[in-house]
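Asker: sequence first, predicted model second:
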Amino acid sequence: MGEDTPGAASALARFLGALGAWAQRRGGWVLLAILAITVPCLALVPHPHVEMDPVRIFPRGDAAIGDFRYFSENFGISEVMVLVVRGERGALAPKLCALRARLEASGLFTQVQEQPLPGRPPATALLAFQRESSMDIALALALRAEARAALREVGVEADLTGSPVFVAESRDSVFHDVTVTGSIAAVLVAAFLLAMLRDPLMAVVAMVPLGVGLVWGHALATAAFGHVDFLVAGLPASLVGMGIDYAVYLRVTQLEHAAEASGARLWERVYALIGPPMVVGVLTAAGAFFALFCADMQSFARMGILGGTTLALIFALTLLAAPALMEARDRLGLRGAPHNPRWLGRLAGAAARARPWTLAAFALLTAPLLVSALRLRVTTDPRAYEDPSLPSRRTQAELAERMGLVLDPILVATTDLAAERRVLARLQGLLGPGRLFSRAECLSAYTDGLGLPPAVLGLVSGPLDSLVSRLPQARGLVGRDGRRLLLLYPQGSPYEGERLGELVALAAVLRSECGADVARVSGAPLVYHRLSRLIGGNLVRTSVAAGAVVVVVLAALLRRPRDVAAALLPLAGALAWMFGIVQWAGWQLTAANMVVLPLVVGLGVDYGVYILFRLRTASLERAVSTTGRAVVMAGGTTAAGFLALVLARNHAIAGMGLAAGVGILACLAWSLVFLPALLGGSAGRRGPTPGPEPPAAPRG
């Protein structure tokens, strides 16, 4: 490194150089120690418990979740399984009666109601109300298994939908996404490395510390949390793309300096040269993950801990094992001829020479994308988190179309039957007939339709609602605490257009104007609205934390304000491009894929940092043509890892991969073209020249 290298970076380079020499001398022992730790970790890897409860994303003690759980625990029918039986109702009547009795006798359902489906072909929907919330995956699987067993015993076929079926199917979909996207990411990364390094053995070698790091991280997550949740499902594929970068940088630098030294001296030089920017890279990337720990949303914090820890483990394993692995690979012969894209250096030189035009072009591209990015909104529609191919969702769409049954009602708890009637009257005055809600289910509806003769009514010793509460079809409408349940079913999806805002406003009015008549108001639409508000606050908090980590790390190692600004400007521009393109293309952003913002902050700044460090010892064109080659490989593998997530069946995971992939590619463009133009004539060696430039990497 040049004599003008800041003191902190110089000391770090000396330490890493000594580490590289030590790792080369003790390579065999290092590999044995890694193997000894990995074997017991493998026992914790197979199929962890996947938590599907979106409620667990929320902070502990959140009032919205307290209300939601109240309805599930007190009334036991806040969720429902629906069985759609095809055929003429009259011919199926005995079997439907037997099926209802079998489900109610299981002890898992409080009641089962029949609803004929209008239209042709004829069908009947059985609404089986659950005793407990099915968000627990074990209970959801048990409920689905119980329904299938009952159908087999009675001898009928049915399509299943509702919360427990959706949770069970989503769990299967998450396992599919983890397996498929992780495998595809590994194949894409290996293919990209093969194309750039022209060395199939090196692609395998680079995967070793990556695979071990993933196993260690997975084992730690299982030991610490006991489970992972559906938002973490995209981590393996993205970590494949990020974690492979460290081996790429070391290999490219090793080949570049192989003619100057060998053995411990070679690795001392390699680690001293490329080590400091690698440390910057892992600190910013892992720091961005750990910044998610600032979120009070449990799932985000868990994802940050797991991602940051695993990335740090992969980095440490690569530093310790790389000399032994790469030298073992070289002893096998067949050294490849790495692709050397000299056009990168020529492109950087041309951008620097045409500095005003290059900067103007980037400004013209960025301005409309920035305007587009500022219009970006995060969707609150839970369908954006789902796999649209799930059979339960197709059946639910049929229910909504044929009978207007939307399984996301607004839940209102009233103190007694009289209070319920006053609330219904207030709703009628606020909304008018047929607006916002398609139907209401409540004790008042059963009271009006009782048709009991006056003599029977005269025999009732208690209040009328006490009689109604003992009717079989109304059992779930009376809670354990004696309160009454009012279910308001929205007319159409509660998440389309302005509907969700209207429902939230109406809930606020009920709380404020109905006084003591309304004990609690909740429902899935209100929970998802609360989720969207939390996302905004957590996004700002974690992004600020990630940005602070990046600035502190850059200031500590680069020291010069000019260099820190030069590293941050490409990142800012790339973020504008990422969100602008997402908005322009009409892709939906959700809580899951908004997590990419702090991650791209931590990852995207690295590429400019590598170029800046290399410019201290080389001319602009040489710095970009050599280090730029490693940057392209690192960014390409990271983008490939994220873009593999696009093939996930879950929309949230696919959107996360798409947004991050676009962001990483934008960071590459800004670092390899904009940064040379920004530095212009001042780029290149600064301070005394450290000697002649090393020869080009050997080609065989």
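Answerer: Received it, and whenever you're ready, just let me know what you need. Residues are numbered from 1 along each chain as shown.

Asker: ranges for the helices of the stretch 451-600 of the chain?
Answerer: Secondary structure of the stretch 451-600 of the chain, counting by DSSP state H, counting those that start in this stretch: helices at 454-458, 464-469, 499-513, 524-558, 561-585, 596-614.

Asker: distance to L188 and mean pLDDT for these - can I get that in a markdown table?
Answerer: The way it works is simple: take the backbone N, C-alpha and C, and place the C-beta from them, glycine included. Below are these laid out as a markdown table (distance: least, C-beta to C-beta, whole Å; pLDDT from 0 to 100):
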| stretch | distance to L188 | mean pLDDT |
| --- | --- | --- |
| helix 454-458 | 73 | 35 |
| helix 464-469 | 60 | 42 |
| helix 499-513 | 38 | 86 |
| helix 524-558 | 26 | 80 |
| helix 561-585 | 20 | 87 |
| helix 596-614 | 17 | 80 |
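
Asker: so for A312, which of these sits nearest?
Answerer: helix 596-614 (12.1 Å; C-beta to C-beta).

Asker: coming back round to it: with respect to burial, which of the helices of the stretch 451-600 of the chain scores highest?
Answerer: By mean neighbour count, with neighbours taken as mean count of other C-beta atoms under 10 Å, helix 596-614 ranks first of these at a mean of 28.

Asker: CA atoms only for that one, dumped as CSV, please.
Answerer: The C-alpha trace of helix 596-614 is given here as CSV (Å, rounded to 0.1, in the frame of the first residue of the first chain):
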residue,chain,number,x,y,z
VAL,A,596,-33.4,-5.0,1.4
LEU,A,597,-32.9,-1.2,2.0
PRO,A,598,-30.4,-1.6,4.9
LEU,A,599,-28.9,-4.7,3.2
VAL,A,600,-28.2,-2.8,0.0
VAL,A,601,-26.8,0.0,2.0
GLY,A,602,-24.3,-2.3,3.7
LEU,A,603,-23.5,-4.3,0.5
GLY,A,604,-23.5,-1.6,-2.2
VAL,A,605,-20.9,0.6,-0.6
ASP,A,606,-18.3,-2.1,-0.8
TYR,A,607,-17.7,-1.9,-4.5
GLY,A,608,-16.6,1.7,-4.5
VAL,A,609,-14.4,1.1,-1.4
TYR,A,610,-12.5,-1.6,-3.2
ILE,A,611,-11.8,0.7,-6.1
LEU,A,612,-10.8,3.5,-3.8
PHE,A,613,-8.3,1.3,-1.9
ARG,A,614,-6.8,0.0,-5.2
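
Asker: so how far is the helix or strand that comes right after it from its chain's centroid?
Answerer: Helices and strands here follow DSSP states H and E; after helix 596-614, the next one along the chain is helix 620-643. Offset of helix 620-643 from its chain centre (C-alpha atoms, centre = their mean, to the nearest Å): 25 Å.

Asker: show me the strands in the chain, by range?
Answerer: 49-51, 80-86, 109-117, 123-130, 158-162, 227-229, 410-414, 437-441, 484-490, 518-522 (DSSP state E).

Asker: A272: which of these is closest?
Answerer: strand 227-229 (38.3 Å).

Asker: out of the strands of the chain, flag the one nearest L370.
Answerer: Closest among these, using C-beta to C-beta: strand 227-229, at 33.5 Å.

Asker: average pLDDT for that closest one?
Answerer: If you average the pLDDT over strand 227-229, you get 60.

Asker: what's the answer for stretch 68-82, then?
Answerer: Mean predicted lDDT for stretch 68-82 stands at 75.

Asker: now stretch 267-287
Answerer: 87.

Asker: do stretch 41-50 as well
Answerer: Mean predicted confidence for stretch 41-50 is 65.

Asker: same question for stretch 252-259.
Answerer: 82.

Asker: quick one: that stretch to chain centroid distance?
Answerer: Using C-alpha atoms, centre = their mean, the offset of stretch 252-259 from its chain centre is 38 Å.

Asker: which parts of that stretch are buried?
Answerer: V252, T253, Q254, L255, E256, H257, A258 (16 or more other C-beta atoms under 10 Å).

Asker: and it, C-alpha only, in CSV?
Answerer: This file holds the C-alpha atoms of stretch 252-259, laid out as CSV (Å, rounded to 0.1, in the frame of the first residue of the first chain):
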residue,chain,number,x,y,z
VAL,A,252,-8.2,-12.8,-8.1
THR,A,253,-5.5,-11.0,-5.9
GLN,A,254,-3.6,-14.3,-5.5
LEU,A,255,-3.4,-14.8,-9.3
GLU,A,256,-2.4,-11.2,-9.9
HIS,A,257,0.6,-11.5,-7.5
ALA,A,258,1.5,-15.2,-8.0
ALA,A,259,4.6,-14.2,-10.2
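
Asker: okay, now the unreliable bits of the stretch 251-400 of the chain?
Answerer: 333-341, 378-385 (pLDDT under 70).

Asker: surely F75 is in contact with G479?
Answerer: Yes - the criterion here is C-beta atoms under 8 Å, and F75 meets it with G479 at 4.8 Å.

Asker: quick one, which of these two is more surrounded?
Answerer: Ranked by neighbour count (other C-beta atoms under 10 Å), F75 and G479 place F75 first, with 23 against 20.

Asker: how close does the residue nearest to I664 when sequence neighbours are not counted get to D563?
Answerer: In space, and not counting its chain neighbours, I664 is closest to A639: 4.4 Å by C-beta to C-beta, 6 or more residues apart in numbering. Counting by C-beta to C-beta, to the nearest Å, the separation of A639 from D563 is 25 Å.

Asker: again with A555
Answerer: 9 Å.

Asker: could you do D62 as well?
Answerer: From D62 to D563 the distance is 43 Å (C-beta to C-beta).

Asker: mind listing what the residue nearest to I664 touches?
Answerer: G241, G661, I664, L665, L668 (C-beta atoms under 8 Å, 6 or more residues apart in numbering).

Asker: and which of these is nearest V167?
Answerer: G661 (28.9 Å).

Asker: touching, the closest one and F642? I think so.
Answerer: Yes - applying C-beta under 8 Å as the test, G661 and F642 come out as touching, 4.1 Å apart.

Asker: okay, the two: which has more neighbours?
Answerer: F642 (31 against 24).

Asker: got the domain ranges for this structure?
Answerer: 7-43+169-383+529-682, 59-156, 409-522 (automatic domain parsing).

Asker: how about those, which one is nearest A400?
Answerer: The nearest among the domains of the chain, by C-beta to C-beta, is domain 409-522 at 7.5 Å.

Asker: span of the closest one from start to end?
Answerer: 9 Å (C-alpha to C-alpha, to the nearest Å).

Asker: and what of stretch 111-128?
Answerer: Per C-alpha to C-alpha, the first residue of stretch 111-128 is 6 Å away from its last.

Asker: name the residues of it that are buried.
Answerer: Q111, V112, E114, L117, P122, A123, T124, A125, L126, L127, A128.

Asker: for the first one, list each beta-bridge partner.
Answerer: What it means is Q111. F129 (DSSP bridges).

Asker: assess the claim that it and A105 are in contact.
Answerer: No - contact criterion C-beta under 8 Å: Q111 and A105 do not qualify, at 11.9 Å.

Asker: re the thing from before, nearest to E496 among the contacts of A639?
Answerer: When those are compared against E496 (criterion: C-beta to C-beta), the nearest one is G661, at 28.5 Å.

Asker: what pLDDT does the closest one get?
Answerer: For G661, the model assigns a pLDDT of 88.

Asker: show me the contacts for it.
Answerer: A639, A640, F642, L643, L645, V646.

Asker: swap in 6 Å and give it another go.
Answerer: A639, F642, L643 (C-beta atoms under 6 Å, 6 or more residues apart in numbering).

Asker: which intervals of the stretch 51-200 of the chain have sub-threshold pLDDT?
Answerer: 51-60, 76-79, 131-136.

Asker: quick one, helices of the stretch 251-400 of the chain?
Answerer: Counting by DSSP H, counting those that start in this stretch, the helices of the stretch 251-400 of the chain are 263-291, 298-331, 343-353, 355-374, 391-403.

Asker: kind regards, and thank you for your time.
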